[in-house]
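In: What follows is a predicted structure for the sequence shown.
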Amino acid sequence: MFITNILAMALEESNVEGILNVLYEYNPWWKSRPFTVPYYRTQLYENLMKKQDSPEIEIIYGPRQVGKTVLMKQIIQTLLDEARVPAHNTIYLSMDHTSISALSDEPIKDVLDIFFKYVLPPESEKAYIFLDEVQVVSNWSNYLKQYYDLGTKVKFYVSGSSVSEIEKGSSESLIGRSRLHRMLQWSFADNLQYQLKEENEIYLPDTSVVRDALAGNDPNMLYEAFLKYRDDLLRVVPDMDPYLTSYIIAGGYPGLFGVNMDDAKDILMDRFMLTLHKDIMRTFAVRNIKGLENTVIRCAMQSCQITDYHSFAKAVGIKYDTFMTYLGYLSDVFMISESYFYSKSGSTFAKGKKLYLRDHSTRNVLVGLLNTRLFEFGEEVGKTVETIVQDHASRLAGAYTGRPKSHYWKGKKEVDIIIEPTVIPIPVEVKYRQDPGDIAGVREFMEEFSSPFGIVVTKETLKISGNVLFIPLALFLLIC
């Protein structure tokens, strides 16, 4: 049974009515109006549906436009259509709606009080509450903690686009009461599976054998696993090139499917500007927005390079301390990632860092190559492909360790990416061309750190030479 008399009557009647109007706008199922969501379900959807009966608060966080809102509405649709949850027992609201902040100083508290008093049927057994962009509300986690600790039968699903605000809330007020779920732009496997299912109801082969072999120490076993996966894949996708080319150019945002490149450019630029001007400026009150924009643009131009931060700040025309602050902001909204030097001791700070513009499609837009012209510029396509491989390799490492990260290394030669699926590091070098060429850095690293094998990501070459595997880009991405 729910507490239904907790409405703080400090709210004026007109404000209560205004909030109710917004809620009815966001929840068409309350009036039996139909609503549609994409049918494609990600693995995160499957995982969250298995947890619908547990009391923990599910926190979904990630960059803009990766499908967090769609995911929440897919769960709502399943609850209504399959679990037969009564329509008025489910509420969805985006907390960045301007009317809500204008109508209430404590939007989470007031919205839920109004929901419990005016919408939720009496004697309801359970309520499902979905709050989007929750990080815009100060002390959001404290409000959720209060409801959780009251023992009310409420299942919360909340989302956010700021790493620091979400992780701060979950690690302080909600520790032991919540679960974090990171949601990024679609991987190549997600992207390809969506298109195959939409076209012909085709499913990609299982990658578990390759992943199991990757965690072992036998390069020949891993190579055999890749060969089998390649053969299985060819039976369902005889021509991979169109899918891979499209992904290299336009990336993995669900909203770009079926969109021409001119419109995709506009969508990505809008997302870029919203992230800077709305997410960062509203959260961190940046004054020098031009300096922030220039930081991102320069990062796009020299993505994948070892970077001296003092020189970078000088080139952008801002102070070093300001640059470091901006770097933190940009990392917080998933725009930039850093790769640290790999060392046995774990002491990485004495070396330079590699900067990546995290989303390669945004990088392509900012350097003016969101089209097939990208492939006419060897250096630029090399940067884009390394950005993709670094992102996927980090996710792959996270699948084994729970920590999605990677490093780089430099001895006499540089190695692009180092991952640790187990306690033994694996070097990954990107050579996206017909002839992979010099791999001395990979062999040097393997000797230095006793790695059982190394991986060279190629354009098309699939072979094994000693304990170095040459794996085509598409194959490598699909097992990540």
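Out: That came in fine, so what should we check first?
In: Just give the closest residue to the spatially most central residue of the chain, not the sequence neighbours.
Out: Geometric centre of the chain, nearest residue: residue 184, 1.3 Å, by Cα atoms, centre = their mean. Distances taken as Cβ to Cβ, 6 or more residues apart in numbering place residue 62 nearest to residue 184, at 5.4 Å, with adjacent residues excluded. Just so you know, the C-beta spots here come from the backbone N, C-alpha and C atoms, and that holds for glycine as well.
In: And the strands in the stretch 101-250 of the chain, which stretches?
Out: Per DSSP state E, counting those that start in this stretch, the stretch 101-250 of the chain carries strands over the ranges 127-132, 154-160, 178-182.
In: would CSV of those with distance to residue 189, mean neighbour count and mean pLDDT be doable?
Out: Shown next, in CSV, are the strands of the stretch 101-250 of the chain (distance: least, Cβ to Cβ, whole Å; neighbours: other Cβ atoms under 10 Å; pLDDT from 0 to 100):
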stretch, distance to residue 189, mean neighbour count, mean pLDDT
strand 127-132, 26, 23, 97
strand 154-160, 23, 24, 95
strand 178-182, 16, 17, 93
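In: Nearest to residue 228, out of the ones you listed?
Out: Residue 228 lies closest, by Cβ to Cβ, to one member of the strands of the stretch 101-250 of the chain: strand 178-182, at 30.4 Å.
In: sorry, back to before: now the strands of the stretch 101-250 of the chain in CSV, please, with extra columns for distance to residue 16.
Out: Output for the strands of the stretch 101-250 of the chain, formatted as CSV (distance: least, Cβ to Cβ, whole Å):
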stretch, distance to residue 16
strand 127-132, 18
strand 154-160, 21
strand 178-182, 29
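In: circling back to that earlier point, next one: phi and psi at the residue nearest to the centre of the chain?
Out: Torsion angles at residue 184 (phi, psi; degrees, to the nearest 10) stand at phi -110, psi 180.
In: Who are the contact partners of it?
Out: By Cβ atoms under 8 Å, 6 or more residues apart in numbering, the contact set of residue 184 is 62-63, 66, 334, 391, 395.
In: State the distance from it to residue 480.
Out: Noted for residue 184: a distance of 12 Å to residue 480, by Cβ to Cβ, to the nearest Å.
In: Spit out the residues that contact the two alike.
Out: When contacts are counted by Cβ under 8 Å, 6+ apart, residue 184 and residue 480 are jointly contacted by residue 395.
In: Quick one: name whatever helix or strand follows the top helix by length along the chain.
Out: The longest helix of the chain (DSSP state H) is helix 378-401. Next helix or strand after helix 378-401 toward the C-terminus (DSSP states H and E): strand 407-410.
In: any weak-confidence spans in the protein?
Out: The chain contains residues with pLDDT under 70 at 1-11, 346-350.
In: quick one on the thing from earlier: for the contacts of residue 184, pick the one with the most neighbours.
Out: residue 391 (25 neighbours; other Cβ atoms under 10 Å).
In: Identify the residue nearest that residue in space, chain neighbours excluded?
Out: Nearest non-adjacent residue to residue 391, counting by Cβ to Cβ, 6+ apart: residue 358, 6.7 Å away.
In: What about that neighbour, how many residues nearby?
Out: 23.
In: For it, list the residues it contacts.
Out: Counted by Cβ under 8 Å, 6+ apart, residue 358 has contacts 63, 334-337, 387, 391.
In: so where do the strands sit in the stretch 251-400 of the chain?
Out: Applying DSSP E, counting those that start in this stretch to the stretch 251-400 of the chain gives strands spanning 306-307, 336-341, 353-357.
In: and the first one, which strands flank it?
Out: If I follow you right, that is strand 306-307. strand 353-357 (antiparallel) (DSSP bridges).
In: Show me the contact partners of the strand it pairs with.
Out: Contact partners of strand 353-357, identified using Cβ under 8 Å, 6+ apart, comprise 296, 299-300, 302-307, 309, 312, 335-341, 363, 366, 387, 390-391, 408.
In: try stretch 426-439
Out: 214, 378, 381-382, 385-386, 389, 393, 406, 409, 413, 415-420, 441-442, 445-446, 451-461, 468, 470, 473.
In: do stretch 62-71 as well
Out: Stretch 62-71 is contacted by residues 37-38, 42, 44-45, 48, 60-61, 94, 132, 159, 161, 182-186, 253-255, 267, 271, 274-275, 279, 333-335, 358-359 when judged by Cβ under 8 Å, 6+ apart.
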